[in-house]
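Student: below are the sequence and a predicted model for it; my questions follow.
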Amino acid sequence: MSAPYRFTRDLAELPTHAFGNRSLTWWGVILFMLMEGSGFALAGAAYFILKSHQGTWPPAPLQPPGLLAGTLFTLLILASEIPNTIVKKKAEAEEIAPVRLLLPIMAAIGGLLLVIRAFEFDSLNVMWTDNPYGSIVWALLVLHTTHILTDWFDTVVLTVLMFTQHGPTGKRFVDVSENSLYWRFVWLAWLPIYLLIYWVPRW
Amino acid sequence: MIARDGPELQGAELHDRLTRTWSRKPGLIGWLSTVDHKEVGRRYIVTAFVFFVLAGVLALIMRTQLARPESGLITADRYNQIFTMHGSTMMFLFAVPVMDAVAIYLIPLMVGARNIAFPRLHAFSYYMYLGGGLMLWIAFALNIGPDIGWFAYTPLSGPEYDPGKRADMWAQMITFTEVAALAVSASIIGTIFKQRAPGMRLDRMPLFVWAMLVVSFMVIFAMPAIALASGFLISDRLVGTQFFNPAEGGDPILWQHMFWFFGHPEVYIIFLPATGFVSQITETFSGRSVFGYPYMVLALVATGLLAFGLWVHHMFATGLPRMGYAFYTAASMTVAIPSGVQIFCWIATIWSGRPRFGVPMLYVIGFIITFVIGGLSGVMVASVPLDLQMHDTYFVVAHFHYVLIGGAVFPLLGVVTYWFPKITGRMMSERLGRWAFGIVFASFHLTFMPMHWTGLMGMPRRVYTYPAGMGWDALNFVSTIGAFGIAIAVILFLVNVFTSYWKGELAGPNPWGGTSLEWATTSPPPPYNFAHVPVVESRTPLWDADGGPLPVMTGLRVDERETLLTTLIDAEPDVREASAEPSIWPLLAAIATSILFVGSVFTPWAVVWGAIPVAIALTAWFWPKRSREPGEEPVIA
Amino acid sequence: MTRARLSAVCVGLSTSGCAGVQSIAPSAGAHTSAFNSLFVVFLVVCGFFYLLVIGFLGAAILRRRRQGEDGVPALFRVWVGLVSLSLVGLALASWLTDRAMASYGDKGPPVRIRLTANQWWWDVEYLGANPSEAVRTANEVHLPIGRPTLIELQSNDVIHSFWVPNLAGKQDLIPGRTEDIALLPRKIGVFRGQCAEFCGAQHAHMALTVVVEPEAQFRSWWRQQQAEAPAPRTPEQLAGMTYVTTRECATCHAIAGTTASASVAPDLTHIASRKTIAAGTLPMSRGGLYAWIADPQGVKPGAHMPYIGLEARQLDAVVAYLETLK
């Protein structure tokens, strides 16, 4: 305690928040994406291992899943990147008004996606109990749905928060920016899963 | 009113004000709400050692049963539960968590930070870990302990061959510990990447910090495999999926791939932190920085990468394609190179330093003598023709206990002795420590050396008994005697811990003459760790100062919890970020999550309804508590 | 009592005591001989490196004059080179041995066996050139010396592992798959194999007797196993047969030449010719049969053989009949 110190620099002038890889939150989100990403990758590997034991995929006489709901979902989630990019930019510019406008839109899109997702389950043409094909297809879809669900919930909470007195603060803008980053991961992760569920069985 | 440390605010007044800011509330709620990495780390360490002792008692019961052929001491059913509990507890509730535990306590100190990154997350991690351990052991006490081995091979662990809830308890314990380990990894990586002291460039980090960085990334890539596998297993058992059911075209070998894709890196997740311990101790006790620092770092990274290419060597007997085996043999043997590099560098450090042989250093020597045997027998079992005979025999039991006890527990006992004064402020008894080391070292070899022969003479693993006259009787008897010797040594070690905790000699900040930053603060450290932000100008900051004034930076707020973020590579000061306040919500979130996990063993609807309290708890956790000046809010994790 | 019992199993297998009947050291097969040679290579190389490490460590500890790093960096390069070269050598030796082992199955016209693992016993089928040569037995295989045996491995329930250490390494038996293993016995004798993959409650009691014998003896054994069960000769034996073929026993077991033809438990046609009962749990003897039939759950808790509760007279008759099934 009593050790003498040599004072080399005063840090008082440093900012108290920053965006991107300068913030801890960004790293938290990135690490979370790595964990979830390896989960998705391994589920994909399991898909192919199970597929290798079957003569046909889906096993006869099953039909591949119907394309409508899944494709609609894919188009919508791709389109959602437009408002997502804007809200991320506005958050990083620390403009509260557009953030308050766009976050509810993102939450609404998330809700709509969940509704479409319900139809996707309905269009799989197989139950999880039928065979390993059914099990892994359901598993992939459930796994991704939990991500849609958690991010949707996160967005709703954040939206509410942005309308309170806690909203227009640097820290909250960082949260909005990282929430957008995570949303990118959610739709990026969807693309290979979309192929696995809907297109690999059609090859 | 904003206050900052600096030449005008230092010494006793600074100490008082920082203590006020960084202390938690007294009382039970305050105790449960703590986000101080030192408190959480201590609890983690103590809990892990409790599980170590429990699993050790199971080992003694097994050794007693196996002391004589055809012993009727315990039934087959009980034995199978016991060996499963021993393995699962040692791997999931002791070995991995105890390394995380030490890291939680030490890493923020070693990088000169005020607190760990994501403080609430790591508190949550502890409660999840505790919840998983309690669930498993309560199940065991109620005779629904798992009896499927720590590897839970399907279809033996599937719904058809393990009805009841035993396998579910195992699988759900995995979920708990996996959540806990992932959360800690995020905290540790965040701390290492963003909270290093100014000037602690990546190439100046202590080797234990490097080891934990590599290990935390390994956890992030390996743990999802076991999470997914145990999720598939539970859904096979609970809702009738067919992942592992051969009757419906499912694949029991898929389980083995997923399990070992995690399970092999797991061994290095346990071993690499121990190499970090060895590096820290060797450096301090040799009075010089570790020889070949860049090679040591490369060896850590190489081991971390190679660890993911070896899993198939646990599956040589399953009949996979022969050419594939040759690849995994080569990859498995390649791991010997980074290990060989590390061993050389440690010995070279001793050779070219001025070694002192305190108790921690004795453990380092014991480690080298023991671990190298385990490493070499590992080279043997990497060879397909050799492994096909040795696999699942006592030879392998000997091999991995040499690696895990020699390679991880010895360094751990050494490092507990080494960091005990930092954590408690008192020294452990050198005399008792030497006795404990001598007994544990001798007993270890007495226990496990004979098992090499037991295995070569044909005794398989995981048998609750064996016929007389197979030539295994005497060897088994010797192993049992050794096991009790280990127990005596562990008791001595614990006696030493307890008596020293109350009566040990006062340590002072740096009793061993160490060079890394944890020795720059008091023992035990104050709640805020460092009065000013320490500055690092080389790999050996405390030796540079040579008793003179330590370079520091100032200007962090003392009236709010604030921590310094630095840049990733060069650790240049970058941002002053708020650090989370104590909160009860991590505990409540952990309780809600535990209810969901345990409930889901009985009904899938627990996942649906259980998610609601979890969502509430998480929202409350993340919700800002009070309004302050703009930009001065607490962080949420 | 239990100790005496199991020691008896062991004596049942070998007249010279049991040590070595389930061991890698006294090799009795081509694979295990190759293993032993390779093991010696590894042992010598690894032992050499261990001595180097311990020597360096000892020197480092005892070193008197401390003069910095003189020569250490050069030594480091030598060390890494030496370690890498040796690993390449060992990997190569391992690969060559593996290749050699893979060829042992081609050395002569093979005997073909299908081995199916069950919790906790081995179902053995000899696949002859035509169906009349087919033989079904359990927990015991006979192999001719000097000729390869190819074994198809299957499992009816969980994963097991086939392992006769004196002859060769392991091969798992995996439900839903057929694996195979080749053996090339080179020594006459009685050996013991044991399941090597944890398979549930009685994993410890899942042994297999392996008899390696001269070709002629092997042929006569095979012929004898093809025969149907002998007819009972005494009224007691007849009563035993009646019980076995009409009551609980016949729901699981088969005896060729009688109406008992179920196949979920070991085939009993020539049970008395085998050396052990219940997959190596008891020696084949009158006492062993009594113990097993009277109290299977006491002898092997968890086994699928149920407690029947025979009256003393019924038990006598059943044992008397089974003893005739040579």
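Tutor: Cool, the structure landed. Nothing here was measured: the structure is a model prediction, and the numbers come from that model. Numbers count the residues shown, from 1 in each chain, chains lettered A, B, ... in the order given.
Student: need the strands for chain A, in chain order.
Tutor: Remark: strands assigned in chain A by DSSP state E are A:5-10.
Student: also chain C?
Tutor: Counting by DSSP E, the strands of chain C are C:111-118, C:121-126, C:135-138, C:140-144, C:149-155, C:160-162, C:171-173, C:179-183, C:189-194, C:207-213, C:276-277, C:282-283.
Student: can you state the direction angle for the longest one and strand C:179-183?
Tutor: For strand C:111-118 and strand C:179-183, the angle between their directions (axes from the mean of the first three to the mean of the last three CA atoms, to 10 degrees) works out to 130 degrees.
Student: how far away is residue C:209 from chain B?
Tutor: Distance of residue C:209 to chain B, given as CB to the nearest CB, to the nearest Å: 13 Å. To be clear about C-beta, it is placed using only N, CA and C from the backbone, and glycine gets the same treatment.
Student: give me the neighbour count for the nearest residue to that residue once chain neighbours are set aside.
Tutor: In this structure, residue C:209 finds its nearest non-sequential neighbour in residue C:140, 4.2 Å apart by CB to CB, 6 or more residues apart in numbering or on different chains. When neighbours are counted by other CB atoms under 10 Å in any protein chain shown, residue C:140 registers 24.
Student: verify the stated contact: residue C:140 with residue C:274.
Tutor: Yes. Using CB atoms under 8 Å, residue C:140 is in contact with residue C:274, at 4.7 Å.
Student: and residue B:565, what are its phi and psi?
Tutor: Here is the backbone geometry of residue B:565 (degrees, to the nearest 10): phi -100, psi 140.
Student: which SSE is immediately downstream of the worst-scoring helix or strand of chain B on mean pLDDT?
Tutor: Least confident helix or strand, chain B: helix B:322-334 with a mean of 86, by mean pLDDT, DSSP states H and E. The first helix or strand that comes after helix B:322-334 along the chain, using DSSP states H and E, is helix B:336-352.
Student: tell me the helix or strand right after that following helix.
Tutor: Taking DSSP H and E as the definition, the helix or strand right after helix B:336-352 is helix B:359-382.
Student: okay, now residue 116: neighbour count?
Tutor: All of this is about chain A. The burial count for residue A:116: 19, using other CB under 10 Å.
Student: try chain C instead
Tutor: When neighbours are counted by other CB under 10 Å, residue C:116 registers 20.
Student: quick check, it in contact with residue C:157.
Tutor: No. Residue C:116 is beyond contact range of residue C:157, at 9.9 Å (criterion: CB under 8 Å).
Student: quick one: the helices in the stretch 1-150 of chain B?
Tutor: B:11-22, B:27-33, B:37-66, B:76-88, B:96-110, B:119-141 (DSSP state H, counting those that start in this stretch).
Student: do the fourth one and chain C meet?
Tutor: Spelled out, it's helix B:76-88. Yes. Judged by CB under 8 Å from any CB of the partner chain, helix B:76-88 and chain C are in contact via B:76, B:77, B:80.
Student: same question for that helix, mean pLDDT?
Tutor: Mean per-residue pLDDT for helix B:76-88: 97.
Student: gap between that helix and the chain center?
Tutor: The chain centroid and the centroid of helix B:76-88 are separated by 22 Å under CA atoms, centre = their mean, to the nearest Å.
Student: which strands or helices does it pack on?
Tutor: Counting contacts by 3 or more CB pairs under 8 Å, 6 or more residues apart in numbering or on different chains; DSSP states H and E, helix B:76-88 is packed against helix B:37-66, helix B:119-141, helix B:166-194.
Student: of the residues of helix B:76-88 next to chain C, which is the nearest to residue B:207?
Tutor: Within those, the smallest distance to residue B:207 is 40.6 Å, found for residue B:80 (CB to CB).
Student: out of the helices and strands packed on helix B:76-88, which is closest to chain A?
Tutor: Closest approach to chain A among those is made by helix B:166-194 (4.6 Å; CB to the nearest CB).
Student: the helix or strand following that closest one near chain A at all?
Tutor: Per DSSP H and E, the first helix or strand lying C-terminal to helix B:166-194 is helix B:207-238. Yes. Among the residues of helix B:207-238, B:220, B:221, B:223, B:224, B:225, B:227, B:228, B:231, B:232, B:235, B:236 lie within reach of chain A under CB under 8 Å from any CB.
Student: wait, the fifth one touches residue B:261, no?
Tutor: Looking back up the chat, that one is residue B:225. Yes. Using CB under 8 Å, residue B:225 is in contact with residue B:261, at 4.4 Å.
Student: if you count surrounding residues, which of these two has more?
Tutor: Ranked by neighbour count (other CB under 10 Å), residue B:225 and residue B:261 place residue B:225 first, with 27 against 24.
Student: dump the residue contacts of that one.
Tutor: The contact partners of residue B:225, by CB atoms under 8 Å, 6 or more residues apart in numbering or on different chains, come to A:38, A:42, B:258, B:259, B:261, B:262.
Student: could you tell me the angle between the helix or strand of chain A with the lowest mean pLDDT and helix B:11-22?
Tutor: Lowest by mean pLDDT, DSSP H and E among the helices and strands of chain A is strand A:5-10, with a mean of 92. Interaxial angle, strand A:5-10 versus helix B:11-22 (the same axes, to 10 degrees): 60 degrees.
Student: need the contacts of residue B:225 in TSV with distance to chain C, can you?
Tutor: Shown next, in TSV, are the contacts of residue B:225 (distance: CB to the nearest CB, whole Å):
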residue	distance to chain C
A:38	27
A:42	22
B:258	15
B:259	13
B:261	18
B:262	19
